[in-house]
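J.: no sequence on this one, just coordinates:
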């Protein structure tokens, strides 16, 4: 299990118009690990996630999922988008949103039934949101909305989870719940990749890190890769030093 | 009064026009809900105005005023316009609302030019074309209503069949893509349905007012519910009520045009909903805010 690789990114180059966002990125994510993707704003973290998911077309390069296989259902790779990416005033409740996680399994035309509803309720319970199932999503706090998105990914029962800043704008309670959830997924042998921006919490939460700034600066286990010289190379300059030092104290 | 109403309701022409208008209200309410939630309200305006040159060209090339032929012309130019908007959006930095505005003006201008040209042609029987601008519900025939019923059944049937796909796409299309539902495909189907819904109303309310018919029932319905299913049902209901109501008013008052009165009816429903709906209504929110302020003041006062 340990030697298996869940995501293999090779020679990936992505550009918007004429501006390269990712340049010749090579990255291996071992199966059953919890990886943080970190880097400054505009470093291409979200783009990397979207390229892995096939949401943006790369100029060159390839992405493979050896543990899932080529012909597997697409929803075995679960996506948790940034919560700002949707209109929360949309007329659906929390349960409706979580049920969407079953749609890939159902495929075209087939309607969700009792079993799907039960699975969605179970996922809501797993994130501590079962009592909010019938609440319109605009009536939820930012942290609760984020947990609904996580539940939607959980109900997919995927092998690989790709999350874009799940900790953004959440309260302390939600943060704790999400960390526990991520560790639970890892213990179940799932592979989790999280775009993360809070350097102080990297050490306590993740076991691997990929430092990105247009290129992959370095990637590997926290102990060997998450150090000051790598951070300086990634964030370049004094800006990072303050936060890195704070991070040290935190430990 | 009762007698007058009975006479009107038994009138064959009234029944036909009322049924057609109600059907139009149902169709535009259902598809309009998706257009509004996708924030594509302007698409209706763009497509309906852009249908005009197609209508006139279809008439000029065939010399016929048959509704089906004219609607096919409308369909062609409506889609051409929607296609141009998509192309501009994809290949330039022009924002989609600007693109829609440009395409709308170009197509509508072309349509008006062609219409004026065709009116100056000798012995061309073009008198009925103008009805596409402001609409003329009273010219609705049995065949037209029949066509509406069939198209309406197909459109609504498709929405029911692809409910889950449309919901997913409208709420979060990128996520839908990761589940294996191709956005481009769902977008094409949904846009096709919306364009059909617009075109079916051209004869009744005309290209100028059709977008109101598409957007307004949905906006009104959204005020009363937080579930998409109820929103679509309510929008259909509001559309139908406005259709029948407008037809009735225009039958009671002489010289009152049906199409614009239908639009006035649905607008009245929308204005009422925006003001008086519970929770989302302006009044409800004012009351809620006042209560909150009072509560806050009491708390601050209590502490100091």
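T.: Perfect, I can see it now. Because the structure is predicted, anything quoted here is derived from the model rather than measured.
J.: Give the rounded mean pLDDT of stretch B:201-212.
T.: Mean pLDDT, stretch B:201-212: 88.
J.: That one: how far from the chain's middle?
T.: Taking the mean of its C-alpha atoms, stretch B:201-212 sits 7 Å from the chain's own mean (C-alpha atoms, centre = their mean, to the nearest Å).
J.: outside of it, which residues touch it?
T.: Contacts to stretch B:201-212, defined as C-beta atoms under 8 Å, 6 or more residues apart in numbering or on different chains, come from residues B:20-21, B:24, B:27-28, B:41-42, B:44-45, B:48-49, B:51-52, B:55, B:67, B:71, B:74, B:108, B:111, B:131-137, B:139-140, B:144, B:198, B:213-214, B:258-260, B:262-263, B:266-267. C-betas here are computed from N, CA, C, even on glycine.
J.: Name only those of the residues you listed that count as buried.
T.: B:20-21, B:24, B:27-28, B:41-42, B:44-45, B:48-49, B:51-52, B:55, B:67, B:71, B:74, B:108, B:111, B:131-133, B:135-137, B:140, B:144, B:198, B:213-214, B:258-260, B:262-263, B:266 (16 or more other C-beta atoms under 10 Å in any protein chain shown).
J.: of the residues you listed, list those near chain A.
T.: Contacts with chain A are made by none of the buried ones among the contacts of stretch B:201-212, judged by C-beta under 8 Å from any C-beta of the partner chain.
J.: List the contacts of residue B:248.
T.: By C-beta under 8 Å, 6+ apart, the residues touching residue B:248 are B:8, B:14, B:18.
J.: let's see 7 Å
T.: For residue B:248, the contact set (C-beta atoms under 7 Å, 6 or more residues apart in numbering or on different chains) comprises residue B:8.
J.: repeat for residue B:29
T.: B:217, B:218, B:235, B:236, B:238, B:239.
J.: Now for the closest residue to chain A within the stretch 151-300 of chain B, how many residues are close by?
T.: Per C-beta to the nearest C-beta, residue B:179 is where the stretch 151-300 of chain B lies closest to chain A, at 3.4 Å. Residue B:179 has 23 neighbouring residues, counting by other C-beta atoms under 10 Å in any protein chain shown.
J.: How about residue A:205?
T.: Neighbourhood size, residue A:205 [other C-beta under 10 Å]: 18.
J.: how about the closest residue to it other than its chain neighbours, secondary structure?
T.: Closest residue to residue A:205 apart from its sequence neighbours, by C-beta to C-beta, 6 or more residues apart in numbering or on different chains: residue A:179 at 5.3 Å. Assigned with DSSP: H, G, I helix; E, B strand; the rest coil, residue A:179 falls in the helix class.
J.: In the stretch 51-200 of chain B, where is pLDDT below threshold?
T.: The stretch 51-200 of chain B contains residues with pLDDT under 70 at B:122-127.
J.: what residues does it put near chain A?
T.: Residues of the stretch 51-200 of chain B found near chain A, taking C-beta under 7 Å from any C-beta of the partner chain as the criterion, are B:161, B:164, B:165, B:168, B:171, B:172, B:174, B:175, B:177, B:178, B:179, B:180.
J.: Let's see which of the contacts of stretch B:201-212 end up in strands.
T.: Nothing among the contacts of stretch B:201-212 maps onto strands, per DSSP state E.
J.: Stretch A:66-82 - what's its average pLDDT?
T.: Across stretch A:66-82, the average pLDDT comes to 91.
J.: ends of it, how far apart?
T.: Chord length of stretch A:66-82, first to last residue, is 26 Å (C-alpha to C-alpha, to the nearest Å).
J.: One more: stretch B:217-234?
T.: Taking C-alpha to C-alpha as the measure, stretch B:217-234 stretches 8 Å from start to finish.
J.: just stretch A:51-70 next, same as before
T.: Across stretch A:51-70, the terminal residues are separated by 16 Å (C-alpha to C-alpha).
J.: who's in contact with that stretch?
T.: Identification of contacts with stretch A:51-70 by C-beta under 7 Å, 6+ apart yields A:4-15, A:22, A:31, A:47, A:50, A:76-77, A:79, A:159-160, A:162, B:174, B:177-178.
J.: Show the pLDDT at the residue nearest to residue B:100 when sequence neighbours are not counted.
T.: In this structure, residue B:100 finds its nearest non-sequential neighbour in residue B:46, 4.2 Å apart by C-beta to C-beta, 6+ apart. For residue B:46, the pLDDT comes out at 93.
J.: got a list of what residue B:46 touches?
T.: B:81, B:85, B:100, B:103, B:104.
J.: Also residue B:79?
T.: Contacts for residue B:79 were tallied using C-beta under 7 Å, 6+ apart; they are residue B:195.
J.: now do 10 Å
T.: Shown in contact with residue B:79 (C-beta atoms under 10 Å, 6 or more residues apart in numbering or on different chains): B:47, B:50, B:51, B:54, B:191, B:192, B:195, B:196, B:199.
J.: does it belong to a helix or a strand, and which?
T.: Using DSSP states H and E, residue B:79 sits within helix B:67-91.
J.: How far does that helix sit from its chain's centre?
T.: On the basis of C-alpha atoms, centre = their mean, helix B:67-91 sits 16 Å off its chain's mean C-alpha point.
J.: With residue A:109 as the reference, measure out to the residue of the stretch 151-300 of chain B closest to chain A.
T.: The gap separating residue B:179 from residue A:109 is 14 Å, by C-beta to C-beta, to the nearest Å.
J.: returning to that earlier point: so for the helix holding residue B:79, what gets flagged as buried?
T.: Neighbour-count burial for helix B:67-91 flags B:67, B:69-71, B:73-82, B:84-85, B:88 (criterion: 16+ other C-beta under 10 Å).
J.: Can you pull out the low-pLDDT segments for the stretch 151-251 of chain A?
T.: A:237-251.
J.: can you list the residues of it near chain B?
T.: A:152, A:153, A:156, A:158, A:162 (C-beta under 10 Å from any C-beta of the partner chain).
J.: Now do the SS call for the third one.
T.: Put simply, residue A:156 is coil when judged by three-state DSSP.
J.: Quick one: residues contacting it.
T.: By C-beta under 10 Å, 6+ apart, the neighbours of residue A:156 are A:73-79, A:100-105, A:119, A:123, B:178-179.
J.: Residue 209 - how many residues pack around it?
T.: Answering for chain A, as no chain was given. Number of residues near residue A:209 (other C-beta under 10 Å) recorded here: 25.
J.: Can you look at chain B instead?
T.: Per other C-beta under 10 Å, the neighbour tally for residue B:209 reads 22.
J.: That one is in what secondary structure piece?
T.: helix B:183-224.
J.: What residues are recorded as beta-bridge partners of residue A:215?
T.: Note on residue A:215: beta-bridge partners by DSSP bridges are residue A:213.
J.: That one and residue A:11 touch, don't they?
T.: No - contact criterion C-beta atoms under 10 Å: residue A:215 and residue A:11 do not qualify, at 11.7 Å.
J.: any common contacting residues for the two?
T.: A:23, A:24, A:25, A:26.
J.: out of the residues you listed, who's nearest chain B?
T.: Closest to chain B, out of all of these and judged by C-beta to the nearest C-beta, is residue A:25, at 19.8 Å.
J.: Could you report the distance from the closest residue to the closest one other than its chain neighbours to residue A:52?
T.: Once flanking residues are discounted, residue A:25 sits nearest to residue A:12: 4.2 Å by C-beta to C-beta, 6+ apart. Relative to residue A:52, residue A:12 is positioned 9 Å away (C-beta to C-beta).
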